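>>> Dropping a prediction and its sequence here:
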Amino acid sequence: MKIFSGLTAVIIVAAIAMTSGAFYTVNEAQQVIITQFGKPIGSAITEPGLHLKIPFIQDANYFDKRFLAWDGDPNQIPTKDKRFIWVDTYARWRIADPLLFFQRLRNQRIAQTRLDDILDGGTRNVVANHRLIELVESGLDKNATREKDLEKIKFGREELAHEVLAQAAPKTKDLGIEILDFRFKRINYVEEVRKKVYARMIAERKRIAEQYRAEGAGEAARIAGEKERQLKTITSEAYRTAREIKGKAEAEASRIYARAYNQDSEFFDFLRSLQTYRKALKNHTTLVISSRSELLKYMSNIQKKSH
């Protein structure tokens, strides 16, 4: 009885072990390759859930289905114009073909090593084929210029990143990897040339500043000349208008005087004489004039009437 009970227990344990080894789970972030005696069989399992395999014979190899990060090591690289710079890069990738990935690389550690070779080599080639200014500038359209009358820049940093990506894509595709994005994280000068480059940058900025000042001074002179011209035009136009108004006013006054004179010339002469007396004869004023002067005409009449 004891032997039978022990055998039963062994069978139950073996059955449980076999049953537990026959099932495996796949979550949303995983994909699985089933191998039998180390060789892959069938296609990749990408659907999440509970799946079945042959225990002890088949193994489940898990791979990440999410986007993965690659961070390159900073490298000292010469540019096309012989400037040595430090270039630091990063990329985003994913396992696009798990079966091919398993056959070529087996795991992500080896994949990271292969990406180092492919992306670092591509970065070195692209940097060596372009000038420093094209790496410094970020995202320029072709034939665009940085400043007025500066040399034309055919590429920007984003275009060079796309060039590295284009060179790496055929190589990584053969490994079951898809490079989703590649970027230059940091670009810096080596210490030996940094001071010279900064001095050149300062001189270039000063030259551009002087150009702007000269253009500003020319524009200020043009505006001042235009102001003077407009001021003279406005002043002469106002003077002409004022003379016209004054001429019309004097003509109207002469017309009114003439009409008043025609209505009663003697009274008009009398009023004019009174105005003359008021202006000419002040307190303590002494006049030496002829007795036949027109100025004494109405005074003489007044004196005769008083007698």
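Cool, the structure landed.
>>> Could you confirm Arg255 falls within a strand?
No. Read with DSSP: H, G, I helix; E, B strand; the rest coil, Arg255 is helix and lies in no strand.
>>> neighbours of it, just the number please.
Burial measure for Arg255: 10 neighbouring residues, criterion other C-beta atoms under 10 Å. For every residue, glycine as well, the C-beta is placed using N, CA and C.
>>> And the one 4 residues further on, by the same measure?
Look at Arg259: counted by other C-beta under 10 Å, it has 9 neighbours.
>>> Give the full set of residues in contact with it.
By C-beta atoms under 8 Å, 6 or more residues apart in numbering, the contact list for Arg259 is empty.
>>> Can you name the element that comes right after whichever helix or strand it is part of?
Assigned by DSSP states H and E, Arg259 falls within helix 191-263. Of the helices and strands lying after helix 191-263 in sequence (DSSP H and E), the nearest is helix 265-280.
>>> for that following helix, packing partners?
helix 191-263, helix 297-306 (3 or more C-beta pairs under 8 Å, 6 or more residues apart in numbering; DSSP states H and E).
>>> what's the least confident stretch among these?
Looking at the helices and strands packed on helix 265-280, the lowest mean pLDDT belongs to helix 297-306 (a mean of 56).
>>> can you tell me how far Leu274 sits from Phe267?
11 Å (C-beta to C-beta, to the nearest Å).
>>> Next: Arg186.
105 Å.
>>> so where's the stretch 51-200 of the chain shaky on pLDDT?
138-153 (pLDDT under 70).
>>> residue boundaries of the strands in it?
Along the stretch 51-200 of the chain, the stretches classed as strands by DSSP state E, counting those that start in this stretch are 58-64, 68-71, 75-78, 84-95, 144-145, 152-153, 177-189.
>>> looking at those, which is buried most?
Of all these, strand 84-95 carries the top mean neighbour count, a mean of 18, counting by mean count of other C-beta atoms under 10 Å.
>>> chain center to that one, what's the gap?
25 Å (C-alpha atoms, centre = their mean, to the nearest Å).
>>> Between strand 177-189 and it, find me the angle.
160 degrees (axes from the mean of the first three to the mean of the last three C-alpha atoms, to 10 degrees).
>>> Strand 84-95 - which strands sit beside it in the sheet, and in what orientation?
strand 68-71 (antiparallel), strand 75-78 (antiparallel), strand 177-189 (antiparallel) (DSSP bridges).
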